[in-house]
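Visitor: the amino acid sequence is not available; the structure is as follows:
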Ligand SMILES: [Zn+2]
């Protein structure tokens, strides 16, 4: 007697939730170069760059280009997207612009690509 009945349980697959990362300035999604993540800090007013993309907090994305950073700042897109209680300071704006300069942007896209861990700094 075969007491075992083979039954194929067909569980419906839940739809995969793919986080859509869209640049707050030009509204296009990342593409190859990836987007620069900016997180709101717990004070609700200041922001910080998040090259690893793993920080907690409300995040917004912008293309790693000067154009999109400039547009995002001009349109107050980051303030709106992150629901900041204060406008982004000129210092932070400057920092964002510096972060998307080619050399830095390349490093960032390598990091966010997950291909290799960030280079370790060797103690002297
Ligand atoms: Zn963009």
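Guide: Thanks, I have the structure now. As the structure is a computational prediction, the values presented were derived from the model and not from experiment.

Visitor: my read: residue 25 touches residue 68, true?
Guide: Yes. Between residue 25 and residue 68 there is a contact under Cβ atoms under 8 Å: 4.0 Å. (Glycine included, C-beta is placed from N, CA and C.)

Visitor: now for these two: what residues contact both?
Guide: Taking Cβ atoms under 8 Å, 6 or more residues apart in numbering as the contact rule, residue 25 and residue 68 both touch residue 62.

Visitor: need the residues of this structure near the ion, please.
Guide: By Cβ under 5 Å from the ion, the residues of the chain that approach the ion are 23, 25-26, 63, 68.

Visitor: at 6 Å instead, please
Guide: Contacts of the chain with the ion, taken as Cβ under 6 Å from the ion, map to 23, 25-26, 28, 62-63, 68.

Visitor: tell me which of the residues you listed fall in strands.
Guide: With strands taken from DSSP state E, the overlap with these comprises residue 62.

Visitor: and the residues of the chain next to the ion, which of them are buried?
Guide: 23, 25, 62-63, 68 (16 or more other Cβ atoms under 10 Å).

Visitor: where exactly do the strands run in this structure?
Guide: Using DSSP E, the strands of the chain run over 36-40, 47-49, 59-62.
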